[in-house]
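Enquirer: I'd like to go over a predicted model; first the sequence, then the structure.
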Amino acid sequence: VLPGDVVDILRGASELGIVPLPDTEKPTILHQDRWLLVAAKPAGVLSAAAENMQPGEVPFDQQVLVAMAVEEGKRPFLRLLHRLDRVTSGAILFARNREALPVLTAAWSEGLVERVYVAVVEGLPEFEETTIERPIARDRSHAWRFMTDLTGRPATTEAQVVSRLDSGLTVV
C-alpha cells in the first residue's frame, strides 16, 4: 500500500475486531487554513478529556480529530489551544501544524487573545458595565477546575448589560 492509495474494506468494524468510530455529529468548522482551525463546540460537550467523563462520551477535540481524519484519510496535526466549560457553547481554536503551535500558544499566554462571551443570566444586575479583576488558579480540590485565588494568575473580566428582558432575564 502506498501513500494516497484508497483501501475499501467490505466487512463491518466489529467483524474485523476494530473499534467503530464514535457515534457523534460532524463538528461545524467555522474557519480552517494551514495554520489554525476554529470549530463550534455545542453546549453539553467537554472540550477535552476530563476525569468526570461519562462512559462512551467523546470530548470535542476528539470529535474534531476523528472528523478531520475521516475527511483527510490520515491523522491530522491538531492541538487544542483552550477549553470551554461543558455547559458553554462557542468557538474553539486549534493549531493545525507544528509551526503554528508555539505562536498561537504564546498569544494566549501573553494575553493577546480576547475572549467575548454572551450570557443570559437570571435577574436584573444593578450595573450597566463592570470590571472584575481577580487572579485565577487551579482549584486544589478538583484537578480540572479553576477558581479565584490570590496566588493565581492575573485575570480581568469586563461585563456589560446588552439587554434587560421582561422575563426577569438579562443578556450580558
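Expert: Cool, the structure landed.
Enquirer: any regions of the chain where pLDDT drops low?
Expert: Counting by pLDDT under 70, the chain has low-confidence residues at 9-14, 16-24, 143-144.
Enquirer: now the strands for it?
Expert: 28-32, 36-41, 79-80, 90-95, 120-122, 129-133, 136-138, 146-148, 156-160, 163-164, 169-171 (DSSP state E).
Enquirer: same for the second one, what does it pack against?
Expert: Under the contact criterion of 3 or more Cβ pairs under 8 Å, 6 or more residues apart in numbering; DSSP states H and E, the helices and strands touching strand 36-41 comprise strand 28-32, helix 60-72, strand 90-95. For the C-beta atoms, the positions are set from N, CA and C on the backbone; glycine is no exception.
Enquirer: winner for burial among the ones you listed?
Expert: Among the helices and strands packed on strand 36-41, strand 90-95 has the highest mean neighbour count (mean count of other Cβ atoms under 10 Å), at a mean of 19.
Enquirer: before we move on, the earlier item: any chance of JSON lines for the strands of the chain, columns distance to residue 48?
Expert: Listed next are the strands of the chain as JSON lines, based on distance: least, Cβ to Cβ, whole Å:
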{"stretch": "strand 28-32", "distance to residue 48": "18"}
{"stretch": "strand 36-41", "distance to residue 48": "10"}
{"stretch": "strand 79-80", "distance to residue 48": "6"}
{"stretch": "strand 90-95", "distance to residue 48": "9"}
{"stretch": "strand 120-122", "distance to residue 48": "25"}
{"stretch": "strand 129-133", "distance to residue 48": "26"}
{"stretch": "strand 136-138", "distance to residue 48": "15"}
{"stretch": "strand 146-148", "distance to residue 48": "14"}
{"stretch": "strand 156-160", "distance to residue 48": "22"}
{"stretch": "strand 163-164", "distance to residue 48": "33"}
{"stretch": "strand 169-171", "distance to residue 48": "28"}
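Enquirer: ok, which of those comes nearest residue 111?
Expert: Residue 111 lies closest to strand 156-160 among these, at 9.0 Å (Cβ to Cβ).
Enquirer: starting from that closest one, tell me which strands it pairs with and how they run.
Expert: Strand pairing for strand 156-160, using DSSP bridges, gives strand 129-133 (antiparallel).
Enquirer: then the partner strand to CSV, C-alphas only?
Expert: The C-alpha trace of strand 129-133 is given here as CSV (Å, rounded to 0.1, in the frame of the first residue of the first chain):
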residue,chain,number,x,y,z
GLU,A,129,-20.9,47.9,33.0
THR,A,130,-18.4,46.4,35.5
THR,A,131,-14.9,45.2,35.6
ILE,A,132,-13.8,42.3,37.8
GLU,A,133,-10.1,41.9,38.5
